[in-house]
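J.: task: produce atomic coordinates for the following.
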Amino acid sequence: MRVLEIFGICVVALLALLFAVFFRRRLLMVGGGTIRVQVRISKMVRGRGWSAGLGQFVGDELRFHRMFSLAIRPKRVLDRRTLTVQERRLPAGPERLTMPGHWIILRCATEVAEVEIAMAETTVTGFLSWLEAGPPRGPGSVPGRPVFGPRPIEG
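T.: Coordinates of the predicted model:
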């Protein structure tokens, strides 16, 4: 009889944990502005280190929350004022096994480090629009071009 009680308590605890994870996900999605994304957390093994989650747009930030976590705070926060997309590519090698084939990987740079984000091809358009729709950056953050005369030749 004691074994059945322990088994029952474990099952109830597991169900409560699953409910908490899915309830947290619903709470994140209620405000709108959420997308399914994967962020590369570790680059120790080539093609590995991806973490599935939700990206939540809040003002000038994209907040990444892991899918199977109880944490209320985001794992990563990307500020669009300092974020630039450097490369766009399809999943290759082991990455094709961890994400759907119609997903695109964006290699982005911030002031601190590089980060790779994967999302559906249709979501990339919205992400890039959000990135470009930010307020103008401060003077000197974008290289200027001459108003008059030919462009200088870069060598």
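
J.: send me the helix or strand hosting residue 126 as PDB with only the CA atoms.
T.: In this assignment (DSSP states H and E), residue 126 forms part of helix 121-132. Taking Å, rounded to 0.1, in the frame of the first residue of the first chain, the C-alpha atoms of helix 121-132 are listed here in PDB:
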ATOM      1  CA  GLU A 121      10.700  31.400 -43.000                       C
ATOM      2  CA  THR A 122       7.400  33.300 -42.700                       C
ATOM      3  CA  THR A 123       8.400  34.600 -39.200                       C
ATOM      4  CA  VAL A 124      11.700  36.000 -40.500                       C
ATOM      5  CA  THR A 125       9.900  38.600 -42.600                       C
ATOM      6  CA  GLY A 126       8.100  39.900 -39.500                       C
ATOM      7  CA  PHE A 127      11.200  39.800 -37.400                       C
ATOM      8  CA  LEU A 128      13.200  41.800 -40.000                       C
ATOM      9  CA  SER A 129      10.300  44.300 -40.200                       C
ATOM     10  CA  TRP A 130      10.300  44.700 -36.400                       C
ATOM     11  CA  LEU A 131      14.100  45.100 -36.500                       C
ATOM     12  CA  GLU A 132      14.000  47.800 -39.100                       C
END
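
J.: can I get the longest strand along the chain in PDB? Just the C-alpha atoms.
T.: What stands out as the longest strand in the chain, according to DSSP state E, is strand 50-58. Output of strand 50-58 as PDB, limited to C-alpha atoms (Å, rounded to 0.1, in the frame of the first residue of the first chain):
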ATOM      1  CA  TRP A  50      19.900  24.800 -29.900                       C
ATOM      2  CA  SER A  51      17.200  25.500 -27.300                       C
ATOM      3  CA  ALA A  52      13.500  25.700 -28.300                       C
ATOM      4  CA  GLY A  53      11.400  28.500 -26.900                       C
ATOM      5  CA  LEU A  54       9.200  31.500 -27.400                       C
ATOM      6  CA  GLY A  55      10.300  34.900 -28.500                       C
ATOM      7  CA  GLN A  56       8.200  37.700 -27.000                       C
ATOM      8  CA  PHE A  57       8.400  41.200 -28.500                       C
ATOM      9  CA  VAL A  58       8.200  43.900 -25.800                       C
END
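
J.: what's downstream of that strand, the next helix or strand?
T.: strand 61-66.

J.: return the distance of that following strand from the chain's centre.
T.: For strand 61-66, the distance from its own C-alpha centre to the chain's C-alpha centre is 6 Å (C-alpha atoms, centre = their mean, to the nearest Å).
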